[in-house]
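1. Structural data only, the sequence is not supplied:
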């Protein structure tokens, strides 16, 4: 599977808003820092469906939770 460009933009935007390092972002999402780094740098052609679900769940949580 592949993350859409909108998902990638949302991920980068939320990372910037929260001022998270790659390591911190990976911990919050629940994937390895290498996976997040490849996603952010657009180095990977595809990621597992589990990773896509974790990223989507994290994004939904970020946009629906008032903090």
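-> In hand now; what should we look at? All of these numbers come straight from a predicted model, not from anything done at the bench.
2. how long is stretch 21-37 end to end?
-> Separation of the first and last residues of stretch 21-37 by CA to CA, to the nearest Å is 10 Å.
3. Residue 22 against residue 37, yeah?
-> Yes - with contact defined as CB atoms under 8 Å, residue 22 counts as touching residue 37 (5.2 Å). Yep, even glycine has a C-beta here, placed from its N, CA and C like the rest.
4. How about the secondary structure of residue 42?
-> On the three-state scheme (DSSP: H, G, I helix; E, B strand; the rest coil), residue 42 is labelled coil.
5. how many neighbours does residue 63 have?
-> The number of residues packed around residue 63, counting by other CB atoms under 10 Å, is 9.
6. how near is it to residue 53?
-> Look at residue 63 and residue 53: by CB to CB, to the nearest Å, they are 16 Å apart.
7. swap in residue 59?
-> When distance is defined by CB to CB, residue 59 is 11 Å away from residue 53.
8. Over to residue 18?
-> For residue 18, the distance to residue 53 equals 20 Å [CB to CB].
9. in whichever helix or strand residue 27 is part of, what counts as buried?
-> Using DSSP states H and E, residue 27 maps to helix 22-29. Burial within helix 22-29, assessed by neighbour count using 16 or more other CB atoms under 10 Å, is assigned to 22, 25, 26, 28, 29.
10. Which helix or strand contains the residue nearest to the last one when sequence neighbours are not counted?
-> Looking back up the chat, that one is residue 29. Using CB to CB, 6 or more residues apart in numbering and skipping residues adjacent in sequence, the residue nearest residue 29 is residue 58, 4.6 Å away. Taking DSSP H and E as the criterion, residue 58 maps to helix 49-64.
11. ok, how many other residues are close to residue 5?
-> By other CB under 10 Å, the residues close to residue 5 number 9.
12. Show the contacting residues for it.
-> Under the criterion of CB atoms under 8 Å, 6 or more residues apart in numbering, residue 5 has no contact partners.
13. And the pLDDT at it?
-> What the model reports for residue 5 is a pLDDT of 90.
14. Make 145 the first number, not 1, from now on.
-> Taking 145 as the first residue, the last one we looked at is residue 149.
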